[in-house]
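>>> turn this into a model:
(one chain, ligands or ions: 1)
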Amino acid sequence: MRRFSTSIQFSTMLWCMLALAVLIAPPAVAVVAAQTQATAGAQDADKGKQVLAFLPNELWVHVDDSITWTFVTDEIHTVTFLKPGQVRPPFAVGCPGTTPDGSSYNGTACVNSGPLVSGQSYSVSFPNPGNFKLVCLVHVDMTGVVHVLDPSETLPHDQAFYDHEADKERTELLSDGSRLEGRGTATAERTSQDAVSAGIGEIVATGGGSQIVSVVRFLPGTTIVHVGDTIEWTNLDPETPHTVTFGIEPSNPVPPSAGVTVDTDGARHAVLSSPRGNVNSGLIVAAPQDRRNLAQSPLGVKRFRLTFTSPGTFDYFCSLHDDLGMVGKVIVHP
Ligand SMILES: [Cu+2]
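From the prediction side, this is the model:
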């Protein structure tokens, strides 16, 4: 009982001291850490056009402010700030690993959301001034920058400006995607009756870094040929890999399936003798951009050819993007 009353007296005294401290404290200078909103990725209604971009991809904040990125696509992205000079890890490896939502990036230790999709968000705060590169570990050309200014400096833009920039960039990239979709179909038709574009895309530069739009579709979606004909798929995307896969989805879509050979011009080639047959092109993808004073990257394998030796209807898909609706059909007439 005695101990109880002592503790009451002690806490009452604490409250009085706290109240006094509040009363005599100088009027607070409103240093409220601001919260900026941005978006990771965008897509159209049928998910065929994927904007691989931070929207917008250049932001100015004050020291101790934080930024929240909202994810809005079925395609995965990461919000990642690597250490200066850090070797870029695969997204499955991460920093290594991930750091929790609300992590603080001080310019020396890696911060990484890990792969996130629609409905998720990730916030980062910035305790030190500086200019920090923002990357997505899934998409190499999805980059941005965060400028962290001393509180004495005036921020050049507000949330309304960033919302407007994000809208403008999203609209422009999706509209580019529509134009590319037309070009992917037209290019395939011009090259040969039996040519299919396996995706098409572009990289766009902004003041903050680079953004991508990828059309994750086979263009055209249906091809009609005769027994003995060969169809050629070409990946026209500067970055996004695809596969041309018939039959059972392989557990590892990266390597070509057994029986896929290489033509003298480097394109992969296989023969399919039944609509129930299995064949996987492996990744067909552009080579990464070269960087001065580093070894050049080898040629990418961007083409896959398939010869049909029996009639029937053959359904196929991209092992990486079938969930986004990247599927096609080949009708082989006798
Ligand atoms: Cu794909």
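
>>> now Asp315. Nearest residue, chain neighbours left out?
Computed as CB to CB, 6 or more residues apart in numbering, the closest residue to Asp315 that is not its neighbour in sequence is Lys329, at 5.6 Å. Yep, even glycine has a C-beta here, placed from its N, CA and C like the rest.

>>> so which strand or helix has the one you found?
Per DSSP states H and E: Lys329 is located in strand 327-333.

>>> from the ion, how far off is the closest residue to Ala287 other than its chain neighbours?
By the measure of CB to CB, 6+ apart, the closest residue to Ala287 outside its immediate chain neighbours is Gly300, 3.6 Å from it. Computed as CB to the ion, to the nearest Å, the Gly300 to the ion distance reads 15 Å.

>>> so what's the residue count around the nearest residue to Pro311 once chain neighbours are set aside?
Distance criterion CB to CB, 6+ apart; nearest residue to Pro311, sequence neighbours excluded, is Pro334 at 4.6 Å. Applying other CB atoms under 10 Å, we find 7 other residues in the vicinity of Pro334.

>>> who's in contact with Pro334?
Neighbour list for Pro334: His226, Val227, Pro311 [criterion: CB atoms under 8 Å, 6 or more residues apart in numbering].

>>> out of those residues, which are close to the ion?
With CB under 5 Å from the ion as the criterion, the contacts of Pro334 include none near the ion.

>>> export those to JSON lines and append columns for secondary structure and neighbour count.
Below are the contacts of Pro334 laid out as JSON lines (DSSP: H, G, I helix; E, B strand; the rest coil; neighbours: other CB atoms under 10 Å):
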{"residue": "His226", "secondary structure": "strand", "neighbour count": "12"}
{"residue": "Val227", "secondary structure": "coil", "neighbour count": "13"}
{"residue": "Pro311", "secondary structure": "coil", "neighbour count": "14"}
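
>>> from those residues, which single one is nearest Pro115?
The shortest approach to Pro115 among the contacts of Pro334 belongs to Pro311, at 41.9 Å (CB to CB).

>>> confirm for me that the closest one is in contact with Ser273.
No. With contact defined as CB atoms under 8 Å, Pro311 does not reach Ser273; the gap is 10.8 Å.

>>> pull the number of nearby residues for Gly119.
Number of residues near Gly119 (other CB under 10 Å) recorded here: 8.

>>> repeat for Leu324
Residues near Leu324, counting by other CB under 10 Å, number 20.

>>> what does Leu283 give?
Leu283: 19 neighbours (other CB under 10 Å).

>>> show me where the protein has helices.
Assigned by DSSP state H, the helices in the chain fall at 2-24, 159-191.

>>> need the least confident one among those helices, by mean pLDDT.
Ranked by mean pLDDT, the helices of the chain bottom out at helix 2-24, with a mean of 43.

>>> mind pulling up the pLDDT for Ser125?
98.

>>> look at the nearest residue to Glu153 once chain neighbours are set aside and report its pLDDT.
With sequence-adjacent residues excluded and distances taken as CB to CB, 6+ apart, Glu153 is closest to His62, at 7.7 Å. pLDDT recorded at His62 is 98.
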